[in-house]
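# Curious how this folds, go ahead:
(one chain, ligands or ions: 1)
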Amino acid sequence: MEVQQQSPKVGAGLSFAALTMLYSVMLLGVYITASHQGLSCPDWPLCPNGFALPSERHFFEHYHRVMVIITAALIYMTAAYTFWNTKPARRTAMIAAIVVSVQIVFGMLVVTLRLEPLIVAIHLSTGILLFAMTLITFLTSLRLARRRRESTTL
Ligand code: HEM
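Numbering: from 1, shown residues only. Reported below is the predicted structural model:
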């Protein structure tokens, strides 16, 4: 049975939100590395204060982790939506959903293996791969949404 192609606008909106959050998570991550704050939260999965307001020392690491939760939720939602509704964008969205799960595991390893250089390098490159997959999902959904709009206004 042919899958019904619902509004690609929703897929474009979800993937754009995921992309924006992802960019912010990566920006924070690079800041944490550059300012040598990588081990400011030695606990896992959250910093010592949990979801409570972090102390100054834990600020960036705390928000890197909290923002990852929101980002991952958006990436999973994008994957679920495109899987059922936006066929051409579904492959990269599914890859992004898998890669974000792997990235969270590497985030854990970055902390528990105390900034092992190889793990930090994999964490950075997996982040770039994740960004690429989410960007392609967004651009594909956007192209479909525009095409849909043009065909309905003709
Ligand atoms: C969507 C998921 C994630 C993305 C896209 C992401 C991205 C990044 C990026 C781009 C960096 C900078 C790496 C560098 O400059 O070499 C970084 C650093 C870091 N991330 Fe993540 N991250 C994610 C999840 C996590 C999670 C779940 C943790 C868990 C605690 C974590 C912990 C860290 C730490 C501690 C650093 C600093 C590493 C250092 O000081 O060298 N990340 N992250």
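
# What residues of stretch 116-125 count as buried?
Neighbour counts using 16 or more other Cβ atoms under 10 Å place 119, 120, 122, 123 of stretch 116-125 among the buried residues. Quick note: C-beta positions are derived from backbone N, CA and C, even for glycine.

# for stretch 122-139, same thing?
For stretch 122-139, burial by neighbour count (16+ other Cβ under 10 Å) applies to 122, 123, 126, 127, 130, 131, 133, 134, 135, 136, 137, 138.

# related to what we said a few turns ago, report the two of the buried residues of stretch 116-125 separated the most.
Considering Cβ to Cβ, no two members of the buried residues of stretch 116-125 lie farther apart than 120 and 122, which are separated by 7.5 Å.

# that older thread, can you redo the buried residues of stretch 116-125 as TSV with pLDDT and secondary structure?
As requested, these are arranged in TSV below (pLDDT from 0 to 100; DSSP: H, G, I helix; E, B strand; the rest coil):
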residue	pLDDT	secondary structure
119	98	helix
120	98	helix
122	98	helix
123	98	helix
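
# Closest one of those residues to residue 79?
Residue 79 lies nearest to residue 123 out of the buried residues of stretch 116-125, by Cβ to Cβ, at 21.2 Å.

# ok, the closest one to the ligand distance?
Separation of residue 123 from the ligand (Cβ to the nearest ligand atom, to the nearest Å) stands at 5 Å.

# thinking that residue is in contact with residue 103, fair?
Yes: with contacts defined as Cβ atoms under 8 Å, residue 123 counts as touching residue 103 at a distance of 7.1 Å.
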